[in-house]
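A.B. asks: turn this into a structure:
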Amino acid sequence: MRIIILWLMLVGAIFASVDMNNADAKSFQSLKGVGAKKAEAIVKYRKLHGCFSSVDALTLVKGIGKKTLEKNRANLVVGKCNK
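C.D. replies: Have a look, this model is predicted:
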């Protein structure tokens, strides 16, 4: 039973959406092609320029191109801006 619960938690984490306006760097690292450096760049960009208005705006971050965006589009959401 424990194995099933752990497996379900893992699957849920893999397919979880990342809220571009509220996620921390660790959450961004769950995306394909996004390591610690790019994740920090996303958070820094958001702090400097404000919340993202669309998923496509992620390409405004240095190091995030259209290919990276397309690999992750299904896992990205633009949540409410809390700033």
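A.B. asks: what is the burial count for V77?
C.D. replies: V77 is surrounded by 13 other residues when neighbours are defined as other Cβ atoms under 10 Å. Every C-beta, even on glycine, is put in place using the N, C-alpha and C of the backbone.
A.B. asks: shift numbering so it begins at 68
C.D. replies: All right, first residue 68 from here; so that's V144.
A.B. asks: that one against A83, yeah?
C.D. replies: No - look at V144 against A83 with Cβ atoms under 8 Å: they stay out of range, at 10.1 Å.
A.B. asks: point out where this structure drops to low pLDDT.
C.D. replies: In the predicted model, the chain carries pLDDT under 70 at residues 68-82, 150.
A.B. asks: and the gap between T135 and K104?
C.D. replies: Here the distance between T135 and K104 works out to 13 Å (Cβ to Cβ, to the nearest Å).
A.B. asks: can you tell me how far the closest residue to V144 other than its chain neighbours is from L115?
C.D. replies: Across the structure, with Cβ to Cβ, 6 or more residues apart in numbering as the measure, the residue nearest V144 apart from its sequence neighbours is S84 (4.7 Å). The span separating S84 from L115 equals 24 Å under the rule Cβ to Cβ.
A.B. asks: what does E137 give?
C.D. replies: The span separating E137 from L115 equals 25 Å under the rule Cβ to Cβ.
A.B. asks: hmm, back to that, more neighbours, T135 and K104?
C.D. replies: Regarding T135 and K104, a neighbour count based on other Cβ under 10 Å identifies T135 as having more, with 18 against 10.
A.B. asks: for the strand or helix carrying the more buried one, the distance to its chain's centre please.
C.D. replies: T135 is part of helix 133-139 when elements are defined by DSSP states H and E. Relative to its parent chain, helix 133-139 has a centroid offset of 11 Å by Cα atoms, centre = their mean, to the nearest Å.
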